[in-house]
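Enquirer: Sharing a model prediction with you, sequence too.
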Amino acid sequence: MAPKPKEKPKPSPSPSPAVPIEDLFASLNRHIQRSEYEEATKVADQVLAAAPGDEDALRCKIVALIKADDIDRALSAIQAAEKRSFDFSLFKAYCLYRQNKLDEALNSLNSQEKTSPAMQLEAQILYRLGRMDACMNVYEKLQRSKIESLEINVAAGLISSGRASEVQKMLDSLKIKATSSFELAYNVAYSLIEEKRYNDAEQLLLSARRIGQETLMEDNWADEEIEIELAPIAVQLAYVQQALLGQPLEAMEAYKDTIKKNLADDSSLAVAINNLIALRGPKDVSDSLRKLDGLIEKDNGTKNFQLTRGLDLKLSSKQKESLYSNRALLLLFANKIAQARELVAALPGMFPGSVMPVLLESAVLVKENKAGKAEEILLQFANRFPEASKVVFLARAQVAAAAGHLQVAADSLAKVPDIQHMPATVATLVSLKERAGDIDGATAVLNDAIKWWSSSMSENNSLDLIMHEAASFMLRHGREEAAANLYENLVKSHGSAEALAGLVSTAAHVNIDKAETHEKNLEPLSGLKGIDIESLEKTSGADVEGGGNLQNIRPYVEGKGKAKTKKKRKRKPRYPKGFDPAKPGPPPDPERWLPKRDRSSYRPKRKDKRAAQVRGAQGAVARERHENNGVSSGSTSRSQQAAASAKPEQPSKASTSKPSKKKSRK
């Protein structure tokens with residue numbers, strides 16, 4: 001067999017001619033201009049393959065990866081570049097910021113020169129960290145530079161740092177109108193909400209929506225993209241209608257519309273869901289929980305309620321705390337105590353120093369009938385954070401009052417100094433101490449309130465109201481002299497007729513002379529001149545022993561033009577025939593209208609028990625009579641009667657007997 005001929009080796013393909021670097025850079029620039037970032041990354045890799053140490057190609061690749069939202073690959077490229085001693089600290093800080101590694105991002109900026117881009121990024125990181133004072137310091141330095149649209153971020157920083165009132169001053173200093181852009185109009189409207197100028201905020205939000213639609217349509221945005229971009233304005237308008245203008249139904253429809261559209265703006269969707277849940281309250285708990293489940297990271301399930309990565313990065317700390325808090329409240333409403341306890345236990349670590357976690361923890365303990373433990377943790381938090389103690393002590397007072405711990409509730413309420421002399425607080429403290437039996441303590445609260453309002457220069461002075469209530473309290477507890485002194489002070493300061501009447505009625509118990517002296521100052525009531533008071537007191541209807549007052553007495557004045565009513569003629573009573581009213585006899589039976597069986601004199605007929613003594617079959621008595629001829633005729637007749645009355649025995653049945661018929665009533 002002839003050997004097979006050897007195959008000739010295939011010729012190797014000729015290498016493609018190398019593309020000049022200038023052409024690659026031209027292609028790279030073209031892809032970047034067209035926002036084709038994936039293609040730009042590939043071209044940058046070709047440049048780096050030809051020239052591994054090209055810094056411009058590395059910079060273009062990192063920027064393209066960041067623009068394509070491929071942050072992990074961008075960080076890898078930055079780390080590879082650091083080995084070649086290239087400084088991309090600014091890009092590294094931005095990538096860490098996008099990954100929400102805020103502290104690392106801030107450290108990366110420390111070695112960076114304080115350029116305008118670096119300072120803008122630093123301000124954004126500080127804003128995300130909630131360090132508003134440091135953030136505003138950076139923005140104040142940046143205002144010296146002419147940076148386009150910087151006022152939008154400055155307005156947001158001022159609002160978040162609690163300086164919403166300075167937003168308009170900032171615009172005036174920069175000579176910028178609030179309607180110069182829809183983003184700025186949105187932020188300025190937010191500042192108006194913080195200042196409780198709700199109608200102005202609503203009008204500015206409507207202007208922001210109109211300006212945004214016009215601007216984006218000029219830029220050839222699609223309708224769906226415009227709706228996504230303006231979603232925050234729609235949600236903010238609904239919030240103004242909900243909480244501020246008293247239009248909950250309109251707000252609820254707006255929230256439902258936003259949720260139904262399921263826009264790509266995750267943050268606006270989350271705010272709409274959260275506000276809708278707050279508007280519903282304990283209604284539709286299962287549906288509210290289901291809507292919140294859509295905001296959860298699916299890999300972790302619903303147990304720990306971890307937000308999706310996009311929401312966790314976009315929402316502020318305050319917004320995230322609101323979502324977690326509403327989730328815990330819904331779990332309590334649904335009686336899922338174990339899940340609520342687990343979620344609440346994680347909140348202090350997520351929001352250190354915040355009041356809401358400890359309030360939710362106390363709510364869980366109250367749900368578990370551990371009011372004493374709830375009072376204890378609230379007191380500990382108030383001692384650790386005195387600046388937030390007001391809300392905590394109010395919550396502790398409510399928990400203690402609901403649990404019947406009246407003295408604890410009063411002590412907690414007394415530790416809120418700036419509301420101590422408000423009428424509502426005084427009334428609550430007096431009621432708690434009165435129910436706890438501390439009458440002297442309640443009296444001290446009233447005296448302190450009277451003293452404070454006596455020296456107060458407020459326009460809405462509540463001294464008159466509190467003194468009246470204090471006098472009523474003294475009267476309830478038998479302290480007539482103190483009540484009389486209060487009424488006397490009221491008469492001297494205000495001179496009202498009501499106070500004078502109270503003084504007269506109160507002083508009558510302790511000092512008759514004083515009562516008679518002040519009684520002369522009472523104005524006489526019109527229409528009482530023709531009434532004889534002594535004869536009125538002698539009538540059976542007047543009761544003056546208990547110190548009762550005759551009030552709202554108005555004399556009846558007959559109208560002049562009205563015709564007098566005719567008097568009815570009295571008729572003699574008609575008596576039955578033969579009845580002598582002088583000798584009426586015994587009174588009629590009061591039960592004469594009742595049926596006989598319902599009268600007290602009714603006695604039912606007794607049955608003849610002698611028939612029950614007869615035993616045996618029918619005819620037995622007759623045979624006995626024939627056999628015993630010596631029985632007397634009286635005995636025979638009784639035997640015959642017994643035999644006639646005896647009934648034959650019947651076999652028993654399982655069925656029930658028929659009901660007996662009722663006797664007809666006479």
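Expert: Arrived safely.
Enquirer: where's the residue sitting nearest the centre point of the chain relative to residue 367, distance?
Expert: Of all residues in the chain, the one closest to the mean position by Cα atoms, centre = their mean is residue 281, 6.1 Å from it. Computed as Cβ to Cβ, to the nearest Å, the residue 281 to residue 367 distance reads 16 Å. All C-beta atoms are positioned from the backbone trio N, CA, C, and that covers glycine.
Enquirer: And for residue 333?
Expert: Residue 333 is 10 Å from residue 367, where distance means Cβ to Cβ.
Enquirer: shaky segments in the stretch 451-600 of the chain?
Expert: For the stretch 451-600 of the chain, the stretches with pLDDT under 70 are 457, 459-461, 491-505, 507-533, 536, 538, 540-567.
Enquirer: ok, 80 please
Expert: Low-confidence segments of the stretch 451-600 of the chain, defined by pLDDT under 80: 456-464, 467-468, 475, 478, 480-571, 575-576, 578-579.
Enquirer: Can you pull out the low-pLDDT segments for the stretch 201-350 of the chain?
Expert: For the stretch 201-350 of the chain, counting by pLDDT under 80, the residues that fall below are 242-247, 262-265, 296-310, 312-313.
Enquirer: try 70 this time
Expert: By pLDDT under 70, the weakly predicted segments of the stretch 201-350 of the chain are 243-245, 264, 298-305, 309.
Enquirer: can you map out the helices along it?
Expert: 223-229, 231-239, 248-261, 266-280, 285-293, 309-314, 317-333, 337-350 (DSSP state H, counting those that start in this stretch).
Enquirer: wait, which of these is closest to residue 469?
Expert: helix 248-261 (35.0 Å; Cβ to Cβ).
Enquirer: tell me the angle the closest one makes with helix 266-280.
Expert: 140 degrees (axes from the mean of the first three to the mean of the last three Cα atoms, to 10 degrees).
Enquirer: which other helices and strands contact helix 248-261?
Expert: helix 231-239, helix 266-280 (3 or more Cβ pairs under 8 Å, 6 or more residues apart in numbering; DSSP states H and E).
Enquirer: so can I have JSON lines of those showing mean neighbour count and distance to residue 140?
Expert: Formatted as JSON lines, the helices and strands packed on helix 248-261 follow (neighbours: other Cβ atoms under 10 Å; distance: least, Cβ to Cβ, whole Å):
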{"stretch": "helix 231-239", "mean neighbour count": "22", "distance to residue 140": "26"}
{"stretch": "helix 266-280", "mean neighbour count": "21", "distance to residue 140": "27"}
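Enquirer: Adding distance to residue 176, write these out as a markdown table.
Expert: Formatted as a markdown table, the helices and strands packed on helix 248-261 follow (distance: least, Cβ to Cβ, whole Å):
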| stretch | distance to residue 176 |
| --- | --- |
| helix 231-239 | 19 |
| helix 266-280 | 26 |
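Enquirer: Go through these and name the closest to residue 468.
Expert: Nearest to residue 468 among the helices and strands packed on helix 248-261 is helix 266-280 (39.4 Å), distances taken as Cβ to Cβ.
Enquirer: Identify all contacting residues around that closest one.
Expert: Residues from elsewhere that reach helix 266-280, judged by Cβ atoms under 8 Å, 6 or more residues apart in numbering: 231-232, 234-235, 238-239, 242, 248, 251-252, 255-256, 258-259, 262-263, 288, 291-292, 294-295, 307-308, 310-311, 314-315, 319, 322-323, 326, 330.
Enquirer: how big is the angle separating that helix from helix 285-293?
Expert: Orientation check (the same axes, to 10 degrees): helix 266-280 against helix 285-293 gives 160 degrees.
Enquirer: can you give me how far helix 266-280 is from the chain middle?
Expert: 15 Å (Cα atoms, centre = their mean, to the nearest Å).
Enquirer: and the angle from that helix to helix 231-239?
Expert: Helix 266-280 and helix 231-239 are oriented at 10 degrees to each other (the same axes, to 10 degrees).
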